[in-house]
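Engineer: could you look at this predicted model? Sequence included:
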There are 2 protein chains.
Amino acid sequence: MKIAVLGTGNVGRTIAGRLAGLGHDVAIGTRNPQETLARTDGDAMGNPPFSVWHGEHADVALLPYADAAQRAELMFNACSGDGSLPALRLAGAANLAGKVLVDVANPLDFSRGFPPTLLVKDSDSLAEQIQAAFPDAKVVKTLNTVNAAVMVDPEALAGGEHSIFLSGDDAASKGTVGDLLRSFGWRDVIDLGDLSTARGAEMLLPLWLRLMNALGTPAFNFKVVR
Amino acid sequence: MKIAVLGTGNVGRTIAGRLAGLGHDVAIGTRNPQETLARTDGDAMGNPPFSVWHGEHADVALLPYADAAQRAELMFNACSGDGSLPALRLAGAANLAGKVLVDVANPLDFSRGFPPTLLVKDSDSLAEQIQAAFPDAKVVKTLNTVNAAVMVDPEALAGGEHSIFLSGDDAASKGTVGDLLRSFGWRDVIDLGDLSTARGAEMLLPLWLRLMNALGTPAFNFKVVR
């Protein structure tokens, strides 16, 4: 499948690399490819500059948001919470129309330090804000409840015995995304319901952040035992 | 141990019955015992009136909040979210002072239907509001992330292979509560940290409610896989 991944951070890179490894035709979208490639600093998490990663992933194109979105059949939003809507506006409503948009972002507000609070919650969600801004896109929320490494290789954690959530208004789009998730190794994919259920998935983050602190690792997930 | 359980609903009854079964000296606290016993209607979940339950649990006393709290060494707050602070005020600050107060309540707002929203979240929690109102109590948040049946008998669900969280500012109190939880059958008790981490545990409820809907049962829990 032709897939665009919007966002050049660790989450975007990890998803793009995994999709390319599975044989998809993948482009990462960014505001300005030249500027992205020119950066020489790593990020706060110790990840190298994009150019280093890109040198090891020549099979992944780097394009302006709109070009990446235009050619794609399906897109991932892997931007930061507050960067998501601006990036999608640059991608362009016409390039999103009729396409599955997988939103993996969390609306985290780090302005008051750790742990971050949520920019939107409970009576709204980032996923719903994106859907409202781009009514012709088919938004599916998923993967926001695990870190990047677990997103794309769940079997590396406890043999894959844990759960991932899906929220979205379009059943066929959730089916497509569910198939992609299973190709990553996910076995327990739980459809929470319509896109408003993304409020629940996004509000897991406050607990996730405290668990990361308590456990001393981001390599964990929840198994829904029933 | 002499234990008070504040609240006569399904959660309070279930905890009180389990504690009495384990040999503790248990009193349930209510605003007005005569009025509580005189009620003849069941609740919205199909639970019978309190008097029916009490007829089967003669070993559990029913006392006014203050009397139940005064005689207790440790207390559970099993009131509704918006009923918690009023009930604790009736229990009386002097009767809470120096004692472990296990807060299992969720600050749910049902005024706009299902799913409820949270009355307080993200930058505060019900547990912290209780601690602020009663600074001499030793508040420990736990058990709010599962339904009443799972709270007191985790082994009845998937052999007990799932997790429960603890938040509190006093390590000794968390130790006492951890021992009580283990006596219920909990094996994976995760100390999230100080009482502010209760924000994370309370904000799990929006996901919990949507999962209950998707799974068609409240008999589930999260196992933290790591």
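Structural biologist: Everything's here; your move.
Engineer: so residue A:219 makes contact with residue A:153?
Structural biologist: No - taking contacts as CB atoms under 8 Å, residue A:219 lies outside contact range of residue A:153: 10.6 Å. C-beta here means a position set from N, CA and C on the backbone, and glycine is covered the same way.
Engineer: list the contacts of the closest residue to residue A:38 other than its chain neighbours.
Structural biologist: For residue A:38, ignoring the flanking residues on the chain, the nearest one in space by CB to CB, 6 or more residues apart in numbering or on different chains is residue A:51 at 7.7 Å. By CB atoms under 8 Å, 6 or more residues apart in numbering or on different chains, the contact set of residue A:51 is A:36, A:37, A:38, A:39, A:40.
Engineer: shouldn't the last one be within a strand?
Structural biologist: Going back to what we said before, that points to residue A:40. No - per DSSP: H, G, I helix; E, B strand; the rest coil, residue A:40 lies outside any strand segment and is coil.
Engineer: buried among the contacts of residue A:51? Need that as a selection in ChimeraX.
Structural biologist: To isolate the buried subset of the contacts of residue A:51 in ChimeraX, counting by 16 or more other CB atoms under 10 Å in any protein chain shown, use the following:
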select /A:36
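Engineer: now render the contacts of residue A:51 as JSON lines, adding distance to residue B:127 and pLDDT.
Structural biologist: Shown next, in JSON lines, are the contacts of residue A:51 (distance: CB to CB, whole Å; pLDDT from 0 to 100):
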{"residue": "A:36", "distance to residue B:127": "44", "pLDDT": "97"}
{"residue": "A:37", "distance to residue B:127": "48", "pLDDT": "97"}
{"residue": "A:38", "distance to residue B:127": "48", "pLDDT": "96"}
{"residue": "A:39", "distance to residue B:127": "43", "pLDDT": "95"}
{"residue": "A:40", "distance to residue B:127": "46", "pLDDT": "93"}
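Engineer: residue A:132: which of the contacts of residue A:51 is nearest?
Structural biologist: Of all the contacts of residue A:51, residue A:36 has the smallest distance to residue A:132: 28.4 Å, by CB to CB.
Engineer: quick check: that closest one touching residue A:8?
Structural biologist: Yes - between residue A:36 and residue A:8 there is a contact under CB under 8 Å: 5.3 Å.
Engineer: what backbone torsions are found at residue A:158?
Structural biologist: Note on residue A:158: its backbone torsions stand at phi 50, psi 40 [degrees, to the nearest 10].
Engineer: try residue A:170
Structural biologist: Torsion angles at residue A:170 (phi, psi; degrees, to the nearest 10) stand at phi -110, psi 110.
Engineer: ok, back up a step: how about the contacts of residue A:51, which pair is most distant?
Structural biologist: A:36 and A:40 (11.5 Å).
Engineer: returning to that earlier point: next structured bit after the helix or strand that contains the residue nearest to residue A:38?
Structural biologist: Assigned by DSSP states H and E, residue A:51 belongs to helix A:50-55. Toward the C-terminal end, the helix or strand that comes next after helix A:50-55 (DSSP H and E) is strand A:61-64.
Engineer: centre of the chain to that following strand, how far?
Structural biologist: How far strand A:61-64 lies from its chain's middle: 17 Å, per CA atoms, centre = their mean, to the nearest Å.
Engineer: report the rounded mean pLDDT for that strand.
Structural biologist: Strand A:61-64 comes out with an average pLDDT of 98.
Engineer: send me that strand as CSV with only the CA atoms.
Structural biologist: Output of strand A:61-64 as CSV, limited to C-alpha atoms (Å, rounded to 0.1, in the frame of the first residue of the first chain):
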residue,chain,number,x,y,z
ALA,A,61,11.0,8.9,0.9
LEU,A,62,11.0,12.2,2.7
LEU,A,63,8.5,14.7,1.1
PRO,A,64,6.6,17.8,2.0
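Engineer: list the contacts of the closest residue to residue A:108 other than its chain neighbours.
Structural biologist: Closest residue to residue A:108 in three dimensions, ignoring its sequence neighbours and counting by CB to CB, 6+ apart: residue A:116, at 4.1 Å. Going by CB under 8 Å, 6+ apart, residue A:116 touches A:108, A:109, A:110, A:209.
Engineer: now do the contacts for the residue lying closest to residue A:222 once chain neighbours are set aside.
Structural biologist: Nearest non-adjacent residue to residue A:222, counting by CB to CB, 6+ apart: residue B:222, 4.4 Å away. Going by CB under 8 Å, 6+ apart, residue B:222 touches A:222, A:223, A:224, A:225, B:145, B:162, B:163, B:204.
Engineer: tell me the angle whatever helix or strand residue B:222 lives in makes with strand A:221-225.
Structural biologist: Following DSSP H and E, the helix or strand that holds residue B:222 is strand B:221-225. Interaxial angle of strand B:221-225 relative to strand A:221-225 (axes from the mean of the first three to the mean of the last three CA atoms, to 10 degrees): 140 degrees.
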